[in-house]
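fold the following, please.
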Amino acid sequence: MKISVTRENLHQGLSIASHLTTKNVNLPILQNVLVKAEGGAIKFTTTNLEVAVNCTVRGKVDEPGEYTIPSKLFYDYVSLLPNETVSMETDGESMHVVCGSHKTRMNGLPSSEFPLVPGVAAARSFKIPVEDFKKALSRVLFAAATNESRPELTGACLKFTKGDGEARLVLAATDSYRLSEVVIPLVSEVTDEYRVIVPSRTLAEVNRILSVFKDEVDSPSYVVMSASDNQIVFSYGSVELISRMIEGVYPDYTQIIPRQFRTEAVIDREDFIRAVKAASLFSRAGLFDVTLSLDAGKLSVRATDASRGENTVQCAADLTGGPNTVTLNYRYLLDGLGSMDAEKVLFQMIDAGNPCVVTPHGTPGFLYIVMPIRQ
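Numbering: from 1, shown residues only. Predicted structure coming up:
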């Protein structure tokens, strides 16, 4: 293999692909990136056996071929190179890299040892607006479970549906203590409702890849998601991410969403966050509890700890309905409030034993639910 590529293209390709590599004692080649050159293009591929990333960049191919080299070492080295053309050539046992006055030799492994990344025969595909998708992922993924005891909850449920006459994507994640749901429009049509559970780690990697392109003018305006029976592909420009799906049935979370409330309050989001953070300093270790009381146009946030003392913070609230009190996990509450960007939030509740709903005030399409701590 003999190729040359701009340092900028090489750096971008590696920044997208090299993040996925993993340490595996039995398969050390999983720490390597596969560099494949053919027909005026250079493709970088990495995999951890659950997810694979392909990224193609333009380059000059004098001799086609393929070779694998340690991903992190290659990326760190390229990050230090000047903005000049990088020439690479393999001699069977290593790869020689030349850029300006920089010359190095990297030992790698033959491409024949690299795991095969199969293509996906997609049965259906959807076009998702990229900016809406990035925002939705940042609002949903933190609510997914990290405990593997219920595998379906470690992913996010993606439901493609035709509601109110337009194609929509509903993303939801829950760990059974809190739930986040976002609805965004689709570019493509939806003929029949389709659901899939995608690992949250996969979607986090998709979000990271999309953020790499944030400053590029000619980036596509949508992501293409294609699905087969057990695999899913996210395509964006020259990048392709392939992942397994999570098998199983996602719980019907719509049953726990309250439809009527006894108390509703519109609260300044920043004031709410500060009040919860101040009270949280006095919450009980391991319980992370703060008590919210709504009455007489005010929200009071209180926490008491036998060893540290107690703290109560009040902030103004535009209240409708009767007075009410509930105890919540402050970390879950802050996660939801932090993912919103509205100035004010709407806090809705029935009583101390039912889920509380938090939404950005005046902004439909985003719903966050926190289960109470039962005293």
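
does the residue nearest to the spatial centre of the chain belong to a helix, a strand or coil?
Residue closest to the average C-alpha location in the chain (CA atoms, centre = their mean): Ala204, at 2.8 Å. Following DSSP: H, G, I helix; E, B strand; the rest coil, we place Ala204 in the helix state.

any idea how far Val61 is from Gly39?
7 Å (CB to CB, to the nearest Å). Backbone N, C-alpha and C define where each C-beta goes, glycine included.

higher neighbour count, these two?
Val61 (17 against 7; other CB atoms under 10 Å).

which SS class is the more buried one?
strand.

try Ile29
Per three-state DSSP, Ile29 ends up helix.

low-confidence ranges, the stretch 151-300 of the chain, go.
215 (pLDDT under 70).

helices of that one, start to end?
Applying DSSP state H, counting those that start in this stretch to the stretch 151-300 of the chain gives helices spanning 200-212, 269-280.

mind putting the ones you listed in JSON lines, distance to Ala172 included?
Below are the helices of the stretch 151-300 of the chain laid out as JSON lines (distance: least, CB to CB, whole Å):
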{"stretch": "helix 200-212", "distance to Ala172": "12"}
{"stretch": "helix 269-280", "distance to Ala172": "22"}
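
quick one, which of those gets closest to Ala17.
Ranking these by proximity to Ala17 (CB to CB) places helix 200-212 first, at 9.3 Å.

who's in contact with Ser221?
By CB atoms under 8 Å, 6 or more residues apart in numbering, the contact list for Ser221 reads 129-131, 187.

of these, which one scores lowest on pLDDT?
Among the contacts of Ser221, Val187 has the lowest pLDDT, at 90.

tell me how far that residue lies from Val223.
For Val187 relative to Val223 (CB to CB), the value is 9 Å.

neighbour count winner among these two?
Using other CB under 10 Å, the more surrounded residue of Val187 and Val223 is Val223, with 23 against 15.

from Leu210, how far off is that one?
Counting by CB to CB, the gap from Val223 to Leu210 is 7 Å.

so what sits against both of those two?
Contacts common to Val223 and Leu210, judged by CB under 8 Å, 6+ apart, are 130, 133, 236.

which residues outside the top strand by length along the chain are in contact with it?
Ranked by number of residues, the top strand in the chain under DSSP state E is strand 309-321. The contact list for strand 309-321, computed with CB under 8 Å, 6+ apart, reads 261-268, 271-272, 274-275, 278-279, 281-282, 294-304, 347.

7 Å - rerun?
261-268, 271-272, 275, 278-279, 281-282, 294, 297-304 (CB atoms under 7 Å, 6 or more residues apart in numbering).
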